[in-house]
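> Requesting a structural model of the entry that follows:
(one chain, ligands or ions: 2)
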Amino acid sequence: MKTVLFATSEARPLIKTGGLADVSGALPAALRELGIDCRLLLPGYHAVLAALDNAQEVARFTGLPGLVDSRLLLGAMPDSGVPVYVIDAPAYYLRAGGPYHDAGGVDYTDNAERFGLLSRIAAILCTAESPLEWRPDLLHCNDWQTGLAPAWLHFAGHPVPSVMTIHNLAFQGIFPPALVARLGLPPESFQIDGVEYFGSLSFLKAGLFYADRITTVSPSYAEEIRQEPLGMGLQGLLTTRADQLTGIINGIDTADWNPAGDPHIGSAYSSRALTGKRRCKEALQTDLSLEISPLAPLFGVVSRLTSQKGLDWIIQVAPGIIDRGGQLAILGTGDKAIESALRELVAAYPGRISATIGYDEGLSHRIEAGADIFLMPSRFEPCGLNQMYSLRYGTVPIVHATGGLKDTVEDEVTGFVFHDASAHGLWLAIEQALALHADKGAWKRLMQAGMSRDFSWERSAREYLNLYEDTLAKRQA
Ligand code: ADP
Ligand code: GLC
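Ligands and ions are numbered 1, 2, ... in the order given. As a prediction, this is how the structure comes out:
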């Protein structure tokens, strides 16, 4: 086991819409620390090409059915130096909006082709047809955007095994059946034991069906997706493949997220020297035009604004938080209805609630550092990273008992975990937190317990390495 190709549609620091980018930015580097030559494969969006202006052309792909011609470039990730193959296909990837949809939030109509190309090239690089000398021993795919790659490997005679990681089952990459022929997939692949999903082509189902192993990003989510409702239609397949399904919790980048040396925050601190955290709180209140009040419990939220994340529950409990003397600092972007509900809240509680609509990495660090309590009441959460950032920053998380939240936060030891999936359930946990916040000694113990937990990538990377080795060994047996 020496080489792994890690195919993904986003990777920090080049391009990020959510946690997948954090994982893709950190896990390959952690695997390389363990002696694996892990390399990334990414689409050449504008931001990727701009950051990798030294990347060299190493191959060309022409005449792939249904897909535009492209060049393959090789560069190195800015911070970690991890080698990254970039697919340069301007017609697909140089767009004004984000990686998946336009500036108005509408999915690009050719996403099947855009990510069909990513999947196809991932598979080709694992076969004897690859134009590269470098050859992976295993292909690691992530989410639906790379889901067709295991299918292509299957139809190429299964030259190397593949692992398919589910970061979020809510996104499945479902397209009209005509795409099967257009992308040149064999007609026999379009069946229940194949890429077909209720009469359509599903990229994620293809990956889950054809990959040698399936992983997801926490042990609890690996259990939850084998049933309704969190199986989201794929629970049958995931139950059938339960023996090949493993949950491995994500790590966090402990260099990026380190309150003792974070360039985004004004005052450094650690679990033994917490004064800096009080300064960060004051700076955040100043920045966000909140009343300067060292004693007001300050609640932070950094999130994609979608129903997954339970923002509606936060909106419902917000007046209660203010009544109890608290403050709320929200950063997020997404659903337009949630964005406008947040603007209304700010208008109703000036100086007490702040909502920054947008994507702002620096502010996300300053909220983690300056808040006392972090709210993450997700309806479901495959892993979740912000609760771990919060623990490391001594910002006590309140989370719903689901997926990775349940696996990383210990109720009344490092945070608060509520089971009743409703605004009321969230409110009861908030009351519990406020009661403890009033007890300085108990609160400090809670903060310090969270700050002492180890969420570094090394442990998770070792679990992936074991899984890769086991996958290869089973194949060779
Ligand atoms: P998901 O991938 O489902 O959005 P995660 O908790 O795994 O959830 O990861 C979200 C990542 O995106 C975190 O690194 C978080 O800090 C970041 N993030 C989310 N929204 C914003 C935002 N508006 N500005 C800056 N960072 C954000
Ligand atoms: C997804 C999930 C999130 C997870 C992230 C990285 O976006 O929603 O829970 O942390 O992927 O695996």
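> Could you give the number of residues near Gly326?
Neighbours of Gly326 under the rule other CB atoms under 10 Å: 23. C-beta here means a position set from N, CA and C on the backbone, and glycine is covered the same way.
> Please verify my assumption that it contacts Leu434.
Yes - using CB atoms under 8 Å, Gly326 makes contact with Leu434 at a distance of 7.3 Å.
> who touches both of those two?
Pro297 (CB atoms under 8 Å, 6 or more residues apart in numbering).
> what does the helix or strand containing Ser220 rub up against?
Assessed by DSSP states H and E, Ser220 sits inside helix 219-224. If you take CB under 8 Å, 6+ apart as the criterion, helix 219-224 is touched by 166, 215-216, 230-231, 245-249, 380-383, 402-404, 406-407.
> do stretch 182-191 as well
64-67, 112-113, 116, 120, 148, 151, 155, 177, 180-181, 194-196, 201, 206.
> and what of stretch 167-178?
Stretch 167-178 is contacted from outside by 19-20, 23, 111-112, 115, 142-145, 147, 190, 196-197, 199-205, 216-217, 225, 230-234, 308, 380, 382-383, using CB under 8 Å, 6+ apart.
> switch to 7 Å and redo it
19-20, 112, 115, 142-145, 147, 190, 197, 199-205, 217, 225, 232, 234, 308, 382 (CB atoms under 7 Å, 6 or more residues apart in numbering).
> which of the contacts of helix 219-224 are close to ligand 2?
Filtering the contacts of helix 219-224 for neighbours of ligand 2 using CB under 6 Å from any ligand atom leaves Glu381, Pro382, Cys383, Gly404.
> Counting neighbours, what do you get for the residue in the chain positioned nearest to ligand 1?
Closest contact between the chain and ligand 1, by CB to the nearest ligand atom, is at Gly19 (2.2 Å). For Gly19, the tally of surrounding residues (other CB under 10 Å) stands at 23.
> Return the set of buried residues in the helix holding Ser220.
Across helix 219-224, burial judged by 16 or more other CB atoms under 10 Å covers Pro219, Ser220, Tyr221, Ala222, Glu224.
> Pick the one among the residues you listed closest to Thr254.
Pro219 (21.2 Å; CB to CB).
> out of the contacts of stretch 182-191, which are buried?
64, 66-67, 112-113, 116, 120, 148, 151, 180, 194-196, 201, 206.
> What mean pLDDT does stretch 60-70 get?
For stretch 60-70, mean pLDDT rounds to 98.
> Also stretch 458-471?
Rounded mean pLDDT across stretch 458-471 is 97.
> what's the distance between that stretch and the middle of its chain?
How far stretch 458-471 lies from its chain's middle: 19 Å, per CA atoms, centre = their mean, to the nearest Å.
> Please list the outside residues in contact with that stretch.
For stretch 458-471, contacts defined as CB under 7 Å, 6+ apart pick out 1, 4, 27, 30-31, 34, 36, 138, 161, 163, 212-213, 215, 246, 248-251.
> Do it and ligand 1 come into contact?
No - counting by CB under 6 Å from any ligand atom, ligand 1 is not contacted by stretch 458-471; separation bottoms out at 13.5 Å.
> does any part of that stretch sit near ligand 2?
No - Stretch 458-471 lies apart from ligand 2 when judged by CB under 6 Å from any ligand atom; the minimum separation is 10.5 Å.
> Please parse the chain into its domains.
Following automatic domain parsing, one finds the domains of the chain at 3-251+458-476, 275-454.
> of those domains, which approaches Gly261 most closely?
Comparing the domains of the chain by CB to CB, domain 275-454 comes nearest, at 11.2 Å.
> if we can go back for a sec, put the buried members of the contacts of stretch 167-178 into a PyMOL selection.
Selection of buried members from the contacts of stretch 167-178 for PyMOL, criterion 16+ other CB under 10 Å:
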select buried, resi 19+20+112+115+142+143+144+145+147+190+197+200+201+202+203+204+205+217+225+232+234+308+382
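> What about the contacts of stretch 167-178, which are in strands?
Using DSSP state E, the subset of the contacts of stretch 167-178 located in strands is Asn142, Tyr197, Ser200, Leu201, Ser202.
> And the furthest pair within these?
Asn142 and Ser200 (21.3 Å).
> ok, the spatially closest residue to Val217 that is not a sequence neighbour - contacts?
Nearest residue to Val217 in three dimensions, chain neighbours excluded: Cys383, at 3.6 Å (CB to CB, 6 or more residues apart in numbering). When contacts are counted by CB under 7 Å, 6+ apart, Cys383 touches Gly19, Val217, Ser218, Ile249, Asn250, Gly403, Gly404.
> Thanks a lot, catch you later.
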